[in-house]
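In: I would like to see how this sequence folds:
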Amino acid sequence: MTLSQQTMVIALAPSLVLDLALRQDLQESPFRVEVTSTGKTFEDLIDSRRGAVAILPAIHPELDPWELGHKLRGRPTEKRPAILFLGLDDEHRAMARTVPGAAYLEIPYSADELMDTLRRLVREQALILVADDSAVARRHICSALTDSGYSVIEAVDGRQAMGLVRAEKPDLVVTDVEMPEMDGFSLCGQIKEDDSTANTPVVICSARGDMVDLERGFESGADDYLVKPVDRSDLLTRVRNLLAGVRLEGRETILVVDDSAPVRHMVADSLRRQGFDVVTAIDGQEGLDLARNRPPDLVVTDFDMPRKNGFQLAYALKHDARTADVPVMMLTARQGRKDRAKMRAVGLTAYLVKPFSADKCVSVVERLLAERRLLDYKKASQYYLSQGTAQAAEAQAAAGQVGAVRASRQWVTVLFVDLQGFTHMSSQKAPEEVVSILNEYFDRICPIIIEEGGDIDKFIGDAVMAVFTSDEDDRTAESLAAVRAGVRLQEALAGWKTSNGVTLTARVGINSGFAVRGDYGSRHVRRDYTVIGDTVNRAQRFESQAPPGGVLVSEVTYSACAEYVLAESRTDIHLKGVDGPVKGYVITGLRDPHTSGQTQSDPSAQRKQQEQS
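Out: Residues are numbered from 1 along each chain as shown. This next block holds a predicted model:
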């Protein structure tokens, strides 16, 4: 697209300083400029001008610029403006990336940087520079590109090409190798070493197709390499993929550390085109400082570097709690057995042997990040899945039976703990306060259940259901573990208050017996791995009959661990759905295993003493 006086730039500038700066920077530009300080006027101007460029500040006292940006980009194509955000730091840059297709400039910026960015935004066609001293070769490549809708500019040697790269800021460069003034390798290297052009993709097209030439091309920073004669469809596919990659964004942060500018830019560019947020460092010490300040999702590092080499960097990262879990990939020409052992010892995740292609680098990075995402998912899942569910899922996967439905009859001890009077209390409090109280309560009691070997099967409102089992079918051990957990959590609640001063009283019920443990739910949508049966139902009903602050266990549970506990029997317990009264036991203490007859605790007595005081 040729810029004209009809190209409109509409800027939202909440301050007079920004207003004046924009007007001054664009006063001699081919754009028409409108600047306003209010969001309503800004949107009215956007509505009245098609094909406009919208400039938004990262901070505005009356509106959310990011929300406005999303709103503008969500319009129909014919009413959708190009957007440029002006911000102050990396946080603003990251926010700009959440708005599809938006550009970003960090303040302070130069008038030239502003103009270059605006030119890119209003281009209707990608601009490609073709550099080749052969008129026949240029004509062949240019015709393929123009026929496919790209805008093309030409250069006959490397020096002219570099001048056009700096002046026109093309979206991609296609270059020959053997040219007068400056060859293609040198041209590629200069493009990648210049911060203002380093992100420009470069495709080398050359008759030199030996391995040493390909290696030299990629080492100079080339993003792709084609051997002449160039196949038209192959060229267009490579160009299309590179240009599409530039527009991807919003993925993980990768730190690239290498003292070689061409290699650093080649790796960084190939990763940026896959949508990664890439940070670069020129040596190991700078890389370590950056990683500690803002831990990345992955580190890609060279081995031989000044100040700190790659081995020292990896060692420092793995011995710092902030970065210990960050995977590290080494770029190295060292392939000896001793070198590999050294890398494994320091905790290196993977290494890539030089020379390597950009595609190979991206492939290894994608694999490492996929493994990290899976590990992060498993870590996050542990808070949402019971231990039994996680183990069952892993067992299914290991056996190649994913999706199979299992159920087995096994002996279990089930513990229920529920708060007294919580329904009434929660009806008088805001939902946020109720959630806060419950989470503090669960933080208080759940670790105790886990410490005693229980599996937290589910949360039911303010109630917790836990399952205790024994690998060796030791019914005494699992029953005693459940009783110990009940006594300990009552001790933990005695005299305790939440951060907002709420005192909580709980009841605990425990029952042992056979139950069916397995998968329940839809075969196609969602299922639970849990236990069901009369044993579970009775445990819940024993909890409802337990004294406040006490632990009530069934006769079966008590019989299994009677020699280790002190209890008062009750014969008048009526359970819903059960004919006639049943016998149970209120736990009054645990017997000291070293001193027969003495007790370790009496939760009911502690609760009564607390209430009296």
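In: could you measure T571 against L552, distance?
Out: In this view, T571 and L552 are 13 Å apart by CB to CB, to the nearest Å. All C-beta atoms are positioned from the backbone trio N, CA, C, and that covers glycine.
In: One more: A463?
Out: 15 Å.
In: From the neighbour counts alone, determine which of those two ranks first.
Out: L552 (27 against 16; other CB atoms under 10 Å).
In: Without its sequence neighbours, what residue ends up closest to I587?
Out: Counting by CB to CB, 6 or more residues apart in numbering, V551 is the residue found nearest to I587 once chain neighbours are left out, at 4.2 Å.
In: actually R367, not the one I wrote
Out: A350 is the one closest to R367 (CB to CB, 6+ apart), at 7.9 Å.
In: And that neighbour, its phi and psi?
Out: phi -160, psi 160 (degrees, to the nearest 10).
In: That one: neighbour count?
Out: 16.
In: Might you report the residue contacts of it?
Out: Counting by CB atoms under 8 Å, 6 or more residues apart in numbering, A350 makes contact with P327, M329, M330, V364, R367, L368.
In: would you list those in a markdown table and tack on neighbour count, secondary structure and distance to W496?
Out: Below are the contacts of A350 laid out as a markdown table (neighbours: other CB atoms under 10 Å; DSSP: H, G, I helix; E, B strand; the rest coil; distance: CB to CB, whole Å):
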| residue | neighbour count | secondary structure | distance to W496 |
| --- | --- | --- | --- |
| P327 | 20 | coil | 41 |
| M329 | 23 | strand | 48 |
| M330 | 23 | strand | 51 |
| V364 | 17 | helix | 51 |
| R367 | 12 | helix | 48 |
| L368 | 19 | helix | 45 |
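In: which helices and strands sit right next to the longest strand seen in the chain?
Out: Of all the segments assigned as strand in the chain under DSSP state E, the longest by residue count is strand 506-521. The helices and strands touching strand 506-521, judged by 3 or more CB pairs under 8 Å, 6 or more residues apart in numbering; DSSP states H and E, are strand 407-419, helix 475-493, strand 527-532, helix 534-545, strand 551-554, helix 555-561.
In: Who are the packing partners of the second one?
Out: If I follow you right, that is helix 475-493. strand 407-419, helix 431-451, strand 463-468, strand 506-521, strand 551-554, helix 555-561, strand 582-590, helix 603-612.
In: Just tell me which of those ends up closest to K378.
Out: helix 431-451 (17.5 Å; CB to CB).
In: and the direction of that closest one versus that of strand 407-419, what angle?
Out: Angle of helix 431-451 versus strand 407-419, following axes from the mean of the first three to the mean of the last three CA atoms, to 10 degrees, is 130 degrees.
In: Report the buried residues of helix 431-451.
Out: Buried positions in helix 431-451, judged by neighbour count with 16 or more other CB atoms under 10 Å: V434, S436, I437, L438, E440, Y441, R444, I445, C446, I448, I449.
In: Would you mind checking the average pLDDT for the following helix or strand past that helix?
Out: Per DSSP states H and E, the first helix or strand lying C-terminal to helix 431-451 is strand 455-460. Averaged over strand 455-460, pLDDT sits at 92.
In: Repeat that for stretch 340-347.
Out: 72.
In: Mind listing what's buried along that stretch?
Out: Buried, per 16+ other CB under 10 Å, within stretch 340-347: M343, V346.
In: send the alpha carbons of it over as CSV?
Out: The C-alpha coordinates for stretch 340-347 follow below in CSV (Å, rounded to 0.1, in the frame of the first residue of the first chain):
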residue,chain,number,x,y,z
ARG,A,340,28.1,-35.7,28.0
ALA,A,341,28.6,-37.1,31.5
LYS,A,342,29.6,-33.6,32.8
MET,A,343,26.4,-32.2,31.3
ARG,A,344,24.2,-34.8,32.8
ALA,A,345,25.8,-34.3,36.2
VAL,A,346,25.0,-30.6,36.2
GLY,A,347,21.4,-31.3,35.5
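In: got a list of contacts for it?
Out: F311, A314, Y315, K318, V328, M330, Y351.
In: 10 Å instead, please
Out: 303, 310-319, 324, 327-328, 330, 332, 334, 336, 348-351 (CB atoms under 10 Å, 6 or more residues apart in numbering).
In: Return the subset of the residues you listed lying in strands.
Out: Short answer: the contacts of stretch 340-347 in strands (DSSP E) are V328, M330, T332, A350, Y351.
In: Quick check: of the buried residues of helix 431-451, which lies closest to T146?
Out: For these, the nearest to T146 is S436 (63.8 Å; CB to CB).
In: The closest one reaches S426, doesn't it?
Out: No. Taking contacts as CB atoms under 10 Å, S436 lies outside contact range of S426: 11.3 Å.
In: which regions of the stretch 251-400 of the chain lie under the pLDDT threshold?
Out: 335-336, 339, 382, 384-385, 396-397 (pLDDT under 70).
In: can you give me the helices for it?
Out: 261-272, 284-293, 310-318, 337-345, 358-381, 387-398 (DSSP state H, counting those that start in this stretch).
In: Run through the residues that contact H92.
Out: Contacts of H92 (CB under 10 Å, 6+ apart): P57, A58, I59, P65, W66, F85, L86, Y104, E106, I107.
In: what's the spacing between it and L56?
Out: Distance from H92 to L56, by CB to CB: 11 Å.
In: can you list residues touching both of these two?
Out: P65, W66, F85, L86.
In: The residue nearest to the second one when sequence neighbours are not counted: neighbouring residues, count only.
Out: In this case it means W66. Residue nearest to W66 in three dimensions, not counting chain neighbours: M95, with 5.2 Å by CB to CB, 6+ apart. Neighbours of M95 under the rule other CB under 10 Å: 17.
In: quick one: M95 is in a helix?
Out: Yes. Counting by DSSP: H, G, I helix; E, B strand; the rest coil, M95 is located in a helix.
In: sorry, back to before: the residue nearest to I587 bridge partners, please.
Out: V508 (DSSP bridges).
In: Quick check: E67 is in a strand.
Out: No. Assigned with three-state DSSP, E67 falls outside any strand and is helix.
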